[in-house]
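S.K.: below: sequence and its predicted model.
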Amino acid sequence: MPGTEGTAPIEQSERTARTEATQHTGRATVADPPVRVLVIDDERYLAEMIASALRYEGWKTMVAGTADQALTQARDFGPSAIVLDVMLPDTDGFALFAALRAKGVDAPVIFLTARDGTEDRVRGLTIGGDDYVTKPFSLEELIARLRTVMRRAAAAVPRGTGLRVADLMLDEDSREVRRGDRLVELTPTEFELLRFLMRNARTVLSKAQILDRVWNYDFGGNANVVELYISYLRRKIDVDAEPLIHTVRGVGYVLRPPLS
């Protein structure tokens with residue numbers, strides 16, 4: 001298994017995947033959003049060991065050692081799943097779990113508990129945790145449990161046609177968009193762009209990805225059209241309200257709910 005040299009192995013694998021896709025199709029394709037796991041544990045060595053094992057699986061990871069870090073990273077990172085130690089320096093894992101849910105973070109959570117922490121295990125499952133792993137544990141077991149809870153969460157997603165991020169709502173059947181109580185009138189292209197952003201909420205999307213999915217052509221097209229339509233959306237979506245559409249300089253755009 002690799003060490004903890006950061007995200008270099010992930011970046012290399014992503015470049016390889018894009019190259020292979022181009023060779024097979026003659027153009028760059030956009031893969032499904034990657035699995036993202038947030039590891040919350042103040043034992044830095046253990047947290048980095050878990051993160052390294054998950055990166056080896058091809059998953060993106062981020063590590064937080066405090067509740068404050070976890071809340072910020074959960075907002076920015078948009079995890080697919082969370083590994084959460086019940087013992088943290090500034091709070092307990094159960095209080096942090098409640099805070100995450102209150103902020104709209106609905107990713108499945110696996111609690112890390114002590115071997116004799118029967119009460120912790122029961123409490124974690126009672127308040128809505130998806131699973132638990134007792135210390136010491138094998139990384140293979142943790143990965144298997146993560147796969148299970150993510151698969152279960154995906155199967156539980158309602159098959160309705162509505163998308164919602166904070167107070168922004170989009171109905172795919174009626175093509176109606178609302179920001180709070182305000183009806184937002186969008187052109188067909190603006191609607192498709194917003195739908196793509198909302199389906200990938202909290203995920204930073206490059207101009208190439210947006211061009212491919214919304215305009216159906218690769219980065220050889222005019223990327224300025226993306227900037228133009230993002231500006232149109234901002235004028236309609238974020239006017240007189242807390243911004244939801246953000247620019248990540250040098251990378252792309254992300255739609256995410258406010259932290260508070």
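M.R.: That came through, no problem. Residues are numbered from 1 along each chain as shown.
S.K.: can you pull out the helices in the protein?
M.R.: Secondary structure of the chain by DSSP state H: the helices cover 8-25, 44-56, 67-77, 93-102, 118-126, 139-155, 188-199, 207-210, 224-237.
S.K.: tabulate the ones you listed in TSV, adding columns for distance to Arg178 and mean pLDDT.
M.R.: (C-beta placed from N, C-alpha, C; glycine too.) As requested, the helices of the chain are exported to TSV (distance: least, CB to CB, whole Å; pLDDT from 0 to 100):
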stretch	distance to Arg178	mean pLDDT
helix 8-25	35	37
helix 44-56	37	94
helix 67-77	22	88
helix 93-102	23	89
helix 118-126	35	79
helix 139-155	26	88
helix 188-199	12	91
helix 207-210	23	86
helix 224-237	10	92
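S.K.: how about these in TSV, adding mean neighbour count and distance to Val177?
M.R.: As requested, these are arranged in TSV below (neighbours: other CB atoms under 10 Å; distance: least, CB to CB, whole Å):
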stretch	mean neighbour count	distance to Val177
helix 8-25	12	32
helix 44-56	18	36
helix 67-77	19	23
helix 93-102	18	25
helix 118-126	15	38
helix 139-155	14	25
helix 188-199	18	7
helix 207-210	20	18
helix 224-237	15	8
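S.K.: which residues does Arg164 contact?
M.R.: 170, 198 (CB atoms under 8 Å, 6 or more residues apart in numbering).
S.K.: for it, give me the pLDDT.
M.R.: For Arg164, the pLDDT comes out at 88.
S.K.: show me what it is bridged to.
M.R.: For Arg164, the beta-bridge partners under DSSP bridges are Met169.
S.K.: if I look at it, how far off is Asp68?
M.R.: From Arg164 across to Asp68, the span is 26 Å (CB to CB, to the nearest Å).
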